[in-house]
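# A structural model of the following input is requested.
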Amino acid sequence: MAAIEQKALDYVLNIFKTQLPNTYLYHNFTHTQRVLNSVNEILTDLNLSDEDKLTLRLATLFHDVGYISSRTNHEHESAKIARAFLSDNGVSESLIKAVEQCILATTFDKEPQSLLGQIMCDADTSHFGKSYFEETSELLRKELEIQNIAFYTPDNWIDENIKVLTEKHRFYTNYALTYWQPEKEKNLSRLIKKKKKREAQIEKEKLKAKYKKESPERGIQTFYRVALRNHMKLSDIADTKANILLSVNAIIISLVISNLLSKLDNPSNAYLILPTVIFVLFSMASIVMSIIATRPNVTRGKFTKEDVKNKNVNLTFFGNFHKMELEEFEWAVNELLQDKDYVYSSLTKDLYFLGKVLDRKYRILRMTYTVFMIGIVVSILAFGISFQIMQSQM
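Model prediction:
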């Protein structure tokens, strides 16, 4: 590194540290270092003179120092600061002018007129073709926001970046076109995918909001669906409990008949007769009550057109139509579906009568369990009393 380069580097670093506001999250010394690295990348691909290389590196170091004075026309301010520093350090006028031209070439939306200007422009915007594009782009968005210059939402910022990459920016040098353009296209593709994904999400949210707006009774439908499902589950539970009682008592009676009755004709086992009879009777009662709890009610299975027109028939319950012809049932359902109030009325009736059935089942089941429990207790007590009486008679 030439001595003047080192001095310029130290000078620019000091300016950024002491004079640049901390609101510059993007246009700071870190950005200058990135641009300098990009310039050096391009120089490895070109056979330029040492003076041209020095010109580019000095211009890179000074190209953004003008931000300490003004954001607008900062390129001109940067050129002035560079001229003052280089003049004070005895740099030739021709080199100073070349440095100024390179700095001014970085003005956005301005076509560079020389090879050095093209190199400067490509290096200054090299982040478009780098893997850290999203990171640096977000820093620029935050910088504009903090300084109250422009406010972009993440979605707006994606649109702005797509516009810049497709309409306002292009690489000039062969090196940038070869090595940075492919990555730029990848970054552009990622932005477009993000935009499409976001648009699809927004459209989905709009449709969802529209559906909610147009279907205020969705909550009502959910109520009926959940309530009916819960009623059916409770009915299944009741039937299962009744079947368990039925099976257990049937097994008990089978065991009593096969093992105990044959022993009751023995006078020594006479004390077992009463407990056995009590136990069998209570078991039989439990079986009968379990059957009653699960036994379905028989309905007439027919309705008339007047019933449908007067909304007196519930078409959601099979027992009201199982004896009807298909054509009659289809007609009735079509009549039902044309009247939303009739639909909800039918669902309400179905829910109500299912509740009545559940009430009956669970009342009988409760009594059945009570009878079964009492039967066991009474049978054991009877056995104990009979045994004591037998012992006292011996």
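# helices and strands around the host helix or strand of T370, which ones?
For T370, the element it lies in under DSSP states H and E is helix 340-393. Judged by 3 or more Cβ pairs under 8 Å, 6 or more residues apart in numbering; DSSP states H and E, helix 340-393 is in contact with helix 218-255, helix 273-294, helix 326-337. Quick note: C-beta positions are derived from backbone N, CA and C, even for glycine.
# so where is the stretch 1-150 of the chain shaky, pLDDT-wise?
Applying pLDDT under 70 to the stretch 1-150 of the chain flags residues 1.
# quick one: buried residues of stretch 357-364?
357-358, 361-362, 364 (16 or more other Cβ atoms under 10 Å).
# which residues touch stretch 80-94?
Here stretch 80-94 makes contact (Cβ atoms under 8 Å, 6 or more residues apart in numbering) with 4, 7-8, 11, 15, 58-59, 62, 65-66, 95-96, 99-100, 103.
# could you redo the last one with a cut-off of 7 Å?
Under the contact criterion Cβ atoms under 7 Å, 6 or more residues apart in numbering, stretch 80-94 has outside partners 4, 7-8, 11, 58, 62, 65-66, 96, 99-100, 103.
# between the two ends of that stretch, what distance do you get?
15 Å (Cα to Cα, to the nearest Å).
# which parts of it are buried?
80-83, 85-86, 91.
# now do that stretch: distance to the chain's middle.
Centroid displacement of stretch 80-94 relative to its chain, using Cα atoms, centre = their mean, to the nearest Å, is 59 Å.
# please enumerate the helices of the stretch 1-150 of the chain.
Ranges of helices in the stretch 1-150 of the chain, per DSSP state H, counting those that start in this stretch, are 3-19, 29-43, 50-62, 74-88, 93-104, 115-124, 133-146.
# mind putting these into a markdown table with distance to T370?
Converted to a markdown table, these look like this (distance: least, Cβ to Cβ, whole Å):
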| stretch | distance to T370 |
| --- | --- |
| helix 3-19 | 89 |
| helix 29-43 | 83 |
| helix 50-62 | 95 |
| helix 74-88 | 92 |
| helix 93-104 | 98 |
| helix 115-124 | 90 |
| helix 133-146 | 72 |
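# which of these sits closest to L165?
helix 133-146 (9.3 Å; Cβ to Cβ).
# just want the angle from that closest one to helix 29-43.
Put simply, helix 133-146 runs at 140 degrees to helix 29-43, going by axes from the mean of the first three to the mean of the last three Cα atoms, to 10 degrees.
# so what secondary structure elements neighbour helix 133-146?
Here helix 133-146 touches no other helix or strand, going by 3 or more Cβ pairs under 7 Å, 6 or more residues apart in numbering; DSSP states H and E.
# by contact count, what packs against the following helix or strand past it?
Of the helices and strands lying after helix 133-146 in sequence (DSSP H and E), the nearest is helix 154-163. When contacts are defined as 3+ Cβ pairs under 7 Å, 6+ apart, helix 154-163 packs onto helix 181-214.
# go again with 8 Å.
Using 3+ Cβ pairs under 8 Å, 6+ apart as the test, helix 154-163 ends up in contact with helix 133-146, helix 181-214.
# next, the angle helix 133-146 makes with it.
Orientation check (the same axes, to 10 degrees): helix 154-163 against helix 133-146 gives 120 degrees.
# tell me the buried residues in helix 154-163?
Under the neighbour-count criterion of 16+ other Cβ under 10 Å, helix 154-163 has 157-158, 160-161 buried.
# ok now that helix, how far from the chain's centre?
Relative to its chain's centre, helix 154-163 lies at 24 Å (Cα atoms, centre = their mean).
# neighbouring contacts of the helix or strand following that helix?
Helices and strands here follow DSSP H and E; after helix 154-163, the next one along the chain is helix 174-175. With contacts defined as Cβ under 8 Å, 6+ apart, helix 174-175 is touched by 41-42, 45-46, 122.
# could I get these in a markdown table, plus columns for distance to Y132 and neighbour count?
Output for the contacts of helix 174-175, formatted as a markdown table (distance: Cβ to Cβ, whole Å; neighbours: other Cβ atoms under 10 Å):
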| residue | distance to Y132 | neighbour count |
| --- | --- | --- |
| E41 | 14 | 16 |
| I42 | 18 | 22 |
| D45 | 21 | 12 |
| L46 | 24 | 14 |
| D122 | 16 | 25 |
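# out of these, which is nearest to M373?
Out of these, the member with the shortest distance to M373 (by Cβ to Cβ) is E41, at 89.8 Å.
# that closest one and R190, how far apart?
E41 sits 22 Å away from R190 when distances are taken as Cβ to Cβ, to the nearest Å.
# identify the residues contacting the residue nearest the centre of the chain.
The chain has Q201 as the residue nearest its centroid, 11.2 Å off, counting by Cα atoms, centre = their mean. By Cβ under 8 Å, 6+ apart, no residues touch Q201.
# what comes up buried for stretch 126-142?
126-130, 133, 136-137, 139-141.
# can you put those in TSV and add distance to Y175?
What follows is the buried residues of stretch 126-142, written out as TSV (distance: Cβ to Cβ, whole Å):
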residue	distance to Y175
S126	10
H127	15
F128	14
G129	11
K130	13
F133	18
T136	20
S137	22
L139	25
L140	24
R141	28
